[in-house]
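Student: Pasting the sequence and the predicted model now:
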Amino acid sequence: MSEIMCKGCGAVLQTTDPQAKGFIQTIDEKRKELYCKRCYRLMHYNEFPKILATNKEYELVIDDLLKKNALVVLVVDLFDFTGSFIPHVLDKLRNKDVILVANKLDLLPRSVNVSKIVEWLEYMANRYFFRVLAIHIVSSSKGYYIDDLLNTISIARQDRDVYFMGCANVGKSSLINALLKRFDNRTTDLIATSPIPGTTLSSIKIPFFDDNKAFIDTPGLINENNALSLLEESSYNLMVPHKEIKPITYQLQKGNTVLLGAIASIALISDSQCSFTTYVSENVTVHRRKDIDTLEFMNKHRGTLLVPPSANDSKELEYVTKEFNVSAKQDVVISGLGFISLNAACKVRVTLLKDLDVFVRNGIFGK
Ligand SMILES: Nc1nc2c(ncn2[C@@H]2O[C@H](COP(=O)(O)OP(=O)(O)O)[C@@H](O)[C@H]2O)c(=O)[nH]1
Ligand SMILES: [Mg+2]
């Protein structure tokens, strides 16, 4: 019997080991679309996948790609751009034809200026000396600008297969599902997607073009500092935004603090006034306090007044404190959680979960 792959994750289907990838009760070769038990449960019961890809799968795919003359669609996450536009991935793709696609546009407030984001993406690509054929901003879940992207792909492809690359969780599989729904008359997802990084286990080839060339979905590079390694899945799911982010603005005086769940807090410590605008998931409680020592408060109220973490997450949390001098209209970014935009120059103290990345960047969502 020839190998048959799961359409959801790309694993080779097998009927012997229920704990291993690709397990299915029986393989009915007549069926066009077969799913392993893991993907079936993920797609029909929204169960978090228990078997996840590792970076070994990513390396295998990269090695395979480097041998091919293919068009690459490099997908990044607009909401977690710096966590997804990383040198390790870029370096491998330097000599390829690349279309840069920033996904999850629907999460950004409607007020943002899209052309300014494109400018910023161009600037970032240049900064890394990374040459791209085109830049697109899309939303796979809402279907925004999917037609425009397909036009560009069709022109740039020139009889080649199209590889969808990028870090885990940026929405590669969702983007292919969106293209298939738009242009192949599908109504349901073909490929499994989930909020947990590592859902796609191997490459998945989906013939799409008239010349039999295909879209190829791939497992992405997994960021080891992802909040998922610090928190339970239930907390992680609260941290990740699911719909348009509603910015909240606070006027802060020296010594005031804004808390983002019990994940991070940001205090104004310079002798000035500043407005802080938070951009985080709808499930993160944003709480303002008049004092500056937030550690005790975070530990006491985690899971109740301050979520995430979720109430049932009992993992011990370790925090670190860092200080930054920030210029006017810069953002303090906390990787995976969101960012805080500051309107005036000031000094801030950030207390956050150890191992989460925090940095300052020029604001990108201003008018
Ligand atoms: N809000 C939003 N979420 C998205 C979008 N595209 C993907 N996602 C979500 O991001 C998570 C990862 O998506 P997935 O396609 O599995 O990413 P992959 O690992 O790159 O293949 C899932 O929870 C998706 O529902 C989008 O355009 N907008
Ligand atoms: Mg995937």
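Tutor: Yep, it's here. Residues are numbered from 1 along each chain as shown. Ligands and ions are numbered 1, 2, ... in the order given.
Student: Flag every residue of this structure that's near ligand 1.
Tutor: 103-104, 106-107, 139-141, 168-174, 193-195, 199-200, 220 (C-beta under 6 Å from any ligand atom). Placement of C-beta: from N, CA and C, glycine included.
Student: Restricted to buried residues, select those in PyMOL.
Tutor: Selection of buried members from the residues of the chain next to ligand 1 for PyMOL, criterion 16 or more other C-beta atoms under 10 Å:
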select buried, resi 103+104+106+107+139+140+141+168+169+170+171+172+173+174+193+194+199+200+220
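Student: and ligand 2, which of the residues of the chain next to ligand 1 reach it?
Tutor: 173, 199, 200 (C-beta under 5 Å from the ion).
Student: what comes up buried for the worst-scoring helix or strand of the chain on mean pLDDT?
Tutor: Within the chain, confidence by mean pLDDT, DSSP states H and E is lowest for helix 81-84 among all helices and strands, at a mean of 84. Buried positions in helix 81-84, judged by neighbour count with 16+ other C-beta under 10 Å: 81, 83, 84.
Student: show me what contacts the first one?
Tutor: For residue 81, the set of contacting residues under the criterion of C-beta atoms under 8 Å, 6 or more residues apart in numbering consists of 102, 124.
Student: any idea how far residue 168 is from the residue in the stretch 251-367 of the chain that ligand 1 sits nearest to?
Tutor: Evaluated by C-beta to the nearest ligand atom, the stretch 251-367 of the chain has residue 281 as its residue closest to ligand 1, separated by 10.2 Å. Residue 281 sits 18 Å away from residue 168, going by C-beta to C-beta, to the nearest Å.
Student: cool, and residue 84?
Tutor: 9 Å.
Student: what is in contact with these two at once?
Tutor: Residues touching both residue 84 and residue 168 by C-beta under 8 Å, 6+ apart: residue 223.
Student: ok, residue 321 to residue 263 distance?
Tutor: Applying C-beta to C-beta, the value for residue 321 to residue 263 is 14 Å.
Student: err, residue 114, not the other one
Tutor: From residue 114 to residue 263 the distance is 29 Å (C-beta to C-beta).
Student: Could you check which of those two has the larger neighbour count?
Tutor: Set residue 114 next to residue 263 and count neighbours by other C-beta atoms under 10 Å: residue 263 wins out with 30 against 13.
Student: Pull the contacting residues for the more buried one.
Tutor: Contacts of residue 263 (C-beta under 8 Å, 6+ apart): 227, 239, 284, 308, 309, 334, 337, 352, 353, 356.
Student: do the same with residue 183
Tutor: Contacts of residue 183 (C-beta under 8 Å, 6+ apart): 150, 208.
Student: Which pLDDT value belongs to it?
Tutor: On pLDDT, residue 183 comes in at 92.
Student: pLDDT wise, what is residue 109 at?
Tutor: So residue 109 comes in at 88 (pLDDT).
Student: cool, and residue 366?
Tutor: Model confidence at residue 366, given as pLDDT, is 58.
Student: do the same with residue 279
Tutor: 95.
Student: so which strand or helix has it?
Tutor: According to DSSP states H and E, residue 279 maps onto strand 274-280.
Student: Contacts made by that strand with the rest, please.
Tutor: Strand 274-280 is touched from outside by 109, 241, 245, 247-252, 258, 260, 266, 268, 286, 337-344, 346, 365, with contacts defined as C-beta under 8 Å, 6+ apart.
Student: What subset of these is buried?
Tutor: By neighbour count, with 16+ other C-beta under 10 Å, the contacts of strand 274-280 hold 241, 245, 247, 250, 252, 258, 260, 266, 268, 286, 337-344, 346, 365 as buried.
Student: mind listing which of the residues of the chain next to ligand 1 are in strands?
Tutor: The strands, defined by DSSP state E, take in residue 103 from these.
Student: check contacts around residue 292.
Tutor: 255, 256, 257, 267, 269, 349.
Student: So this structure: which segments form each domain?
Tutor: Domain ranges of the chain: 1-50, 52-223, 233-362, per automatic domain parsing.
Student: Look up the pLDDT of the nearest residue to residue 220 once chain neighbours are set aside for me, please.
Tutor: Leaving aside its chain neighbours, residue 220 sits nearest to residue 168 (3.7 Å; criterion: C-beta to C-beta, 6 or more residues apart in numbering). At residue 168, the pLDDT value in this model is 93.
Student: hang on, residue 168 packs against residue 228?
Tutor: No: contact criterion C-beta atoms under 8 Å: residue 168 and residue 228 do not qualify, at 10.1 Å.
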